[in-house]
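**Q** pasting a predicted model and its sequence here:
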Amino acid sequence: MKGHRSQTLSRLLKLVLTTSPWMFVISLITIILAALSNVIGTLFIERLINNYITPLVKQVQQGQDPNFGPLAYAIAVMFGIYAIGFISNYLFNMLMGILAQKVQFRVRNEMFTHMESLPIAYFDQNDYGDIMSRYTNDIDTLMQMISQSIPQFTNSLLTLIFVVSAMFILSWQLTIFSFIVFALSFGIVRFLTKKSSHYFQVQQQKLGQINGYNEEMLNGLKVIKVFSHEPEVKEDFEVYNEELRKASGKANTYATILFPIMGNMGNLLYVLIAFVGGAAAINNWAPLSLGAIASFLQLSKQFSMPIAQISQQLNSIVMALAGARRIFQLEDEPAEEDNGVVTIAKNQKVDNSWFWQVPEKDGSVKDVPVRGHIIFDHVNFSYVPEKQILHDISIDAKPGMKVALVGETGAGKTTISNMLNRFYEIDSGKIIYDGIPIKQIKKDDLRKSLSIVLQETHLFTGTIMDNIRFGNPNASDDDVYQAAKLSHADEFIHELDDGYQTIIDGDGGDLSQGQMQLLSIARAMIADEPVMILDEATSSIDTRTEKMVQAGMDNLLAGRTSFVIAHRLSTIVNSDLILVLDHGHIIEAGNHDELIKQKGYYYELYTGKKEIQ
Ligand SMILES: Nc1ncnc2c1ncn2[C@@H]1O[C@H](COP(=O)(O)OP(=O)(O)OP(=O)(O)O)[C@@H](O)[C@H]1O
C-alpha cells in the first residue's frame, strides 16, 4: 500500500512538473520564501527590542531627546519582510491554483482520449458509475490536493523546520523545555480525545439501540395493545433510556474538559515559556535578552499550528492519492490492440464504391473491391475463460445476402455480431471478409465497412440534420434529404415545426420510438456501408410506423450483405439465410421455406408452438 502511494506520488509530481516546469519552480521558491519570511520577521523582533526599543527607552529615561530614525528604519525593514511573505503567499496560492487547473485539463484530456482507445471488454467489466467518478470525484480531490494540500503541507513543514531552527538559535534550553511541555499537553489531549471519542461512540450505539427499539415497538403497537404488554415495554424502554443518558453524560464530561484544554494549549505553553524564560534571564540560567524572550514567545505560538496543519493535510493527501491512483489505473489500462494492415477507401471520383487496400509483400498496394462476402469458419468464442458462448459457428454470407439470426435470449446472436466488428477476439476458427482474414484488417477500417443499427436507438443532442449526418460528416444537405426519403423518415420530419432543424435532446426528446428508429435508419443509410448489422428493435411501435420502419429497412438492406438479429419472425421471412441458434450452437440453417419443411425448432417458433423468450 505504501509502495503504491509513493509510486503514485512520484508519478503525480512528474505530471505537475511536466505540465508547467516554471510554474512549479516559482511556486516552490515562493513557498520557501513565505515560510522563511514569517520566521525571519519573528526573529527580527529580538533586534527590534534589543537594538532599537530598549536604547530608545534608556534615552528617554536619561532625559535625552529620543531619536526615532533607526526605529522607523527597523520597522520599515520588518514591514518589508512581512510584505515579501504576504506576496509570496499570494503568489504560491495563485500559481498552484492555476497549475492545478492545467493539470486537471490535461488529465481529463488524457483520460478521455485513452478511454476511447479501450476495448469494449473494459466497459463490460467496469461499472459506468465507477468510471464516471474518476472524472468527477477523483479529479476534484486531485485538484484540491495540488492547489491546496500539497502547497500548504510543504509550507507548514518548512515553517515548522524554520521555527524549530530559530527557536534553537535563540535558546536551546528554552526549546527543549517547550518540547517537553508540548509533548505533555499533546499526550493529555490524545488521552482525552480517545476517551471522549470512545464515549461518543457508545452514545451513538445506545442511540441506535433505543431508536431500533422504538421503531420495533411502533410497528408492533397493535400487537402490544392486544396483549396488554405496555408495562413491560415501558420498563424495557426505561433501561435503554437510562443507558443512553449515562453514555451521553460521560461523553459530555470529557468533551467539556477537552475543548477548553485544546483551545488553550497554546496559551498555556505561552505562559509557561514566559515564566521560565523570564526566570532564566533574571537568574542568569541562560543568556536570554528581553528581545530574545519576546521573539521566542512569538515562535512558540507558531510552533503548534503547523503540526496540526501537517497532520490534517497529510490526511487529505492520502485520500487524494487514492483518487490519483484510480485515475492512473484507467490511464494504464492497455489500449485495444490492432495489428491490422488492410485499410478501406471509397472511390469518390468514379462510382462511390468501397475497396480494400491490401499491402503486398513487394510494398505495392492491391485494391480489392468490397463485396461484403463474409465467412465464419468454425468459430469458437468465450467472454470469460471456461464459459464458452459460441460453439463451432460456420456461416457463409454471400454478397448482398440477408442473414437472420434467430434464437432465445442469451443464445448468442449479439455475440456473433461482436465477433464481426471485433469488439472481442475469437478463441479459434476464422472470419474471412472478401477473402481477407479480418485480423489483417485495421479495426477502424473494418468498422467503417459495417453499419450497425442497434436495438436501442441512441441519438445525440443537436438538430435532426446533424443526427442523420452523423453517419457521414461529409454528406451534403441533399444527401441527408435523400437518405431521409429512402428510409421513410422524411415524412414525419416534415410534420415537425422546424423540420430538419428541429433540435432533439440526447435521449430523443419528444420523438416516438418508431421515429427514432427511422432516424437511425437514415443515419445508417447515409453512411452507405457495404455490410449491415441490424439489432432489431423489440419495442412495440404502432403498425403504421412499423410498416414504414420495415420499408425503410428493406431499402437500407437492398444490395448489402446484412445480419439481422431478429426478435420478431415476421420481419425475417424474406431472408436468404435464417440461422437458428441455441446456446451458442447453430441448430438449423436455411431459408424460411426450407426451415418450415424441416418441421424443427424454427417451424415450432413460426407456428407459435414455441415462443422466443
Ligand atoms: N460482455 C459479456 N461478458 C460476459 N458474458 C456475456 C457478455 N455479453 C453477453 N454475455 C453472455 O453471452 C451469452 C450470449 O449473449 P448474447 O447477448 O449474444 O445473446 P443474444 O442472443 O443476443 O440475446 P438477446 O436476444 O437477449 O439480445 C449470454 O449467456 C450472455 O450472458
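**A** Ah, there it is. On a predicted model such as this, the values are computed, not experimentally measured, just so you know.
**Q** going forward, measure contacts and count neighbours with C-alpha atoms only.
**A** Fine.
**Q** burial of whichever residue of the stretch 51-200 of the chain sits closest to the ligand, as a residue count?
**A** Nearest residue of the stretch 51-200 of the chain to the ligand, counting by C-alpha to the nearest ligand atom: residue 124, 5.1 Å away. Per other C-alpha atoms under 10 Å, the neighbour tally for residue 124 reads 10.
**Q** am I right that it sits in a helix?
**A** Yes: counting by DSSP: H, G, I helix; E, B strand; the rest coil, residue 124 is found in a helix.
**Q** let me know the secondary structure of the nearest residue to residue 262 once chain neighbours are set aside.
**A** Leaving out its chain neighbours, the residue that sits closest to residue 262 by C-alpha to C-alpha, 6 or more residues apart in numbering is residue 189, at 6.8 Å. What three-state DSSP gives for residue 189 is helix.
**Q** residue 189 reaches residue 260, doesn't it?
**A** No: counting by C-alpha atoms under 8 Å, residue 189 does not reach residue 260; the two are 10.5 Å apart.
**Q** more neighbours: these two, which one.
**A** Higher neighbour count among residue 189 and residue 260: residue 189, with 18 against 10, using other C-alpha under 10 Å.
**Q** OK, contacts around the more buried one?
**A** Residue 189 makes contacts with 258, 261-262, as judged by C-alpha atoms under 8 Å, 6 or more residues apart in numbering.
**Q** with residue 450 instead?
**A** Counted by C-alpha under 8 Å, 6+ apart, residue 450 has contacts 421, 529-533.
**Q** can you list the residues of the stretch 301-450 of the chain near the ligand?
**A** When proximity is defined by C-alpha under 6 Å from any ligand atom, the stretch 301-450 of the chain lies next to the ligand at 383, 389, 409-415.
**Q** let's see that with 8 Å instead.
**A** 382-384, 389, 406-416 (C-alpha under 8 Å from any ligand atom).
**Q** ok, now the stretch 51-200 of the chain?
**A** So far as C-alpha under 8 Å from any ligand atom goes, the stretch 51-200 of the chain lies against the ligand at 121, 124-125.
**Q** show me where pLDDT drops low in the stretch 251-400 of the chain?
**A** 350-351 (pLDDT under 70).
**Q** in it, what residue comes closest to the ligand?
**A** residue 383 (4.8 Å).
**Q** excluding its backbone neighbours, what's nearest that residue?
**A** Counting by C-alpha to C-alpha, 6+ apart, the residue nearest residue 383 is residue 389, at 7.2 Å.
**Q** residue 317: what's it in contact with?
**A** So, once contact is read as C-alpha under 8 Å, 6+ apart, residue 317 ends up touching 145, 149-150.
**Q** mind checking the longest helix of this structure?
**A** Longest helix of the chain, by residue count under DSSP state H: helix 230-282.
**Q** by how many degrees do whatever helix or strand comes next after that helix and helix 230-282 diverge?
**A** Downstream of helix 230-282, the next assigned helix or strand under DSSP states H and E is helix 290-332. Helix 290-332 runs at 130 degrees relative to helix 230-282, counting by axes from the mean of the first three to the mean of the last three C-alpha atoms, to 10 degrees.
**Q** the helix or strand just after helix 290-332 pairs with which strands, and in what direction?
**A** From helix 290-332 onward toward the C-terminus, using DSSP H and E, the following helix or strand is strand 343-347. Paired neighbours of strand 343-347 in the sheet (DSSP bridges): strand 353-359 (antiparallel).
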